[in-house]
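Undergrad: Coordinates only, no sequence provided:
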Ligand code: ADP
Ligand code: GN1
Ligand code: MG
């Protein structure tokens, strides 16, 4: 068992039966520290997800968790109404013995939370079988549909300006001028790639602030490994990683899925010839998302879906590059230069999408 924390003691604060038998790092998330906690409950093995919440990013854990409780309870009711399984089709927060949705460990000055482990389902890093991407689109589209009548004013804005690309650009420019680690000279081409596309930054931000595009309750981090598909049938099970549920644009949610899923290579692939934009997958996702959204999508949203894919990929590349310049303080990295590799894959994808933008728009029109 990992000895960084006294997991037995941590788990013991939560309202769950049995004894902890193992607790190991798990998954590929870039933000929180995720562990798979296995418990023996009278001979039965029960698994949980234990997460150390990223407190340098999430400054108000209490409000973060009240968002997650609010959203999961809301979805749980809808799943039950349609006859689904509320213990499997939505994240289940395990409370502490003193009835809180997270535990603060004073000895580490860290916050921990526990979720029921969703069994017989996989959060894929890449599309492995045809149909999986379509199903992930149905999952995110259904998620948006469930939350369509959720009162956004009750949500705390966990990360203000999360997808405000104009603000992201400003921050990026600060990182470039600070050049804290003397890395700027080696990434001039990548920096120029960002500068040459400054005109993209305000497009969606302006549509939202002028009211031409509706602000909706969105997920804001819709990559493929934030959705769980049934391991046998590939059917959608649950949307996970709800830290960023906030008011936003559905173009962001659509675009972020395309950014991650339409590339058959990994996000940090060094061989850029493997990084390609797969138009077939784009069509699959578009079909699934629009079918799940039904008529709850407006014309302005639809007209900007394809651009949403470009802007999310551009923004993410800019964030990876800024983090590289800042000395890799935001995204978890396993080796030096990983954020630069990630930025390069994103920029390659942006260039590919730009070349095929008309085709992408035509596909959106078709569905
Ligand atoms: P991060 O914010 O760091 O991305 P996530 O909440 O996405 O963290 O969790 C990281 C990974 O852990 C997911 O991609 C998934 O593989 C796994 N995971 C998270 N929650 C669950 C759950 N309830 N059941 C099963 N696996 C989970
Ligand atoms: C982070 O948490 P995770 O790994 O699902 C990031 C996203 C990025 C993504 C890039 C809260 O997502 O915004 O698009 O990495 N999440 C946060 O892979 O910053
Ligand atoms: Mg995640």
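TA: Received, thanks. Please read these numbers as outputs of a predicted model, since none were measured by experiment. Ligands and ions are numbered 1, 2, ... in the order given.
Undergrad: Test my guess that residue 32 contacts residue 56.
TA: No: counting by Cβ atoms under 8 Å, residue 32 stays clear of residue 56, with 11.2 Å between them. For every residue, glycine as well, the C-beta is placed using N, CA and C.
Undergrad: between these two, who's got more neighbours?
TA: A count of neighbours by other Cβ atoms under 10 Å puts residue 32 above the other of residue 32 and residue 56, at 21 against 7.
Undergrad: now the more buried one: how far from residue 8?
TA: Per Cβ to Cβ, to the nearest Å, residue 32 is found 20 Å from residue 8.
Undergrad: SS state for the residue lying closest to residue 352 once chain neighbours are set aside?
TA: Nearest residue to residue 352 in three dimensions, chain neighbours excluded: residue 277, at 3.8 Å (Cβ to Cβ, 6 or more residues apart in numbering). With DSSP: H, G, I helix; E, B strand; the rest coil as the basis, residue 277 sits in coil.
Undergrad: Wait, residue 277 touches residue 353, no?
TA: Yes: with contact defined as Cβ under 8 Å, residue 277 counts as touching residue 353 (5.5 Å).
Undergrad: Strands of the stretch 101-250 of the chain, residue ranges please.
TA: Secondary structure of the stretch 101-250 of the chain by DSSP state E, counting those that start in this stretch: the strands cover 103-105, 110-116, 121-122, 216-218, 227-230, 236-239, 246-248.
Undergrad: Residues in contact with the shortest one: which ones?
TA: Think strand 121-122. Residues outside strand 121-122 that contact it (Cβ atoms under 8 Å, 6 or more residues apart in numbering): 88, 228-231, 237-238.
Undergrad: Now distance to residue 314, pLDDT and neighbour count too, for those residues, in JSON lines please.
TA: JSON lines is the format used below for the contacts of strand 121-122 (distance: Cβ to Cβ, whole Å; pLDDT from 0 to 100; neighbours: other Cβ atoms under 10 Å):
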{"residue": "88", "distance to residue 314": "36", "pLDDT": "95", "neighbour count": "17"}
{"residue": "228", "distance to residue 314": "28", "pLDDT": "98", "neighbour count": "23"}
{"residue": "229", "distance to residue 314": "28", "pLDDT": "98", "neighbour count": "25"}
{"residue": "230", "distance to residue 314": "33", "pLDDT": "98", "neighbour count": "15"}
{"residue": "231", "distance to residue 314": "34", "pLDDT": "97", "neighbour count": "11"}
{"residue": "237", "distance to residue 314": "31", "pLDDT": "97", "neighbour count": "25"}
{"residue": "238", "distance to residue 314": "29", "pLDDT": "97", "neighbour count": "23"}
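Undergrad: got any ranges where the chain has weak pLDDT?
TA: 1-2 (pLDDT under 70).
Undergrad: list the contacts for the residue most central in space within it?
TA: Closest residue to the average C-alpha location of the chain: residue 221 at 2.5 Å, with Cα atoms, centre = their mean. Going by Cβ under 8 Å, 6+ apart, residue 221 touches 241, 243-244, 256.
Undergrad: buried stuff in stretch 253-273?
TA: Neighbour-count burial for stretch 253-273 flags 253-263, 265, 267-269 (criterion: 16 or more other Cβ atoms under 10 Å).
Undergrad: quick check, that stretch touching ligand 3?
TA: No: using Cβ under 5 Å from the ion, we find that stretch 253-273 stays clear of ligand 3, coming within 10.5 Å at best.
Undergrad: Tell me the span between the first and last residue of that stretch.
TA: 27 Å (Cα to Cα, to the nearest Å).
Undergrad: quick check, distance from it to the centre of its chain.
TA: Offset of stretch 253-273 from its chain centre (Cα atoms, centre = their mean, to the nearest Å): 13 Å.
Undergrad: when you scan it, is anything in it near ligand 1?
TA: No: for a cut-off given as Cβ under 6 Å from any ligand atom, stretch 253-273 has no contacts with ligand 1; the smallest distance is 11.6 Å.
Undergrad: for stretch 59-78, same thing?
TA: No: Stretch 59-78 stays clear of ligand 1 (Cβ under 6 Å from any ligand atom), getting no nearer than 10.2 Å.
Undergrad: Can you give the distance of that stretch from its chain's centre?
TA: 16 Å.
Undergrad: For it, buried residues please.
TA: 61, 64-72, 74-76, 78.
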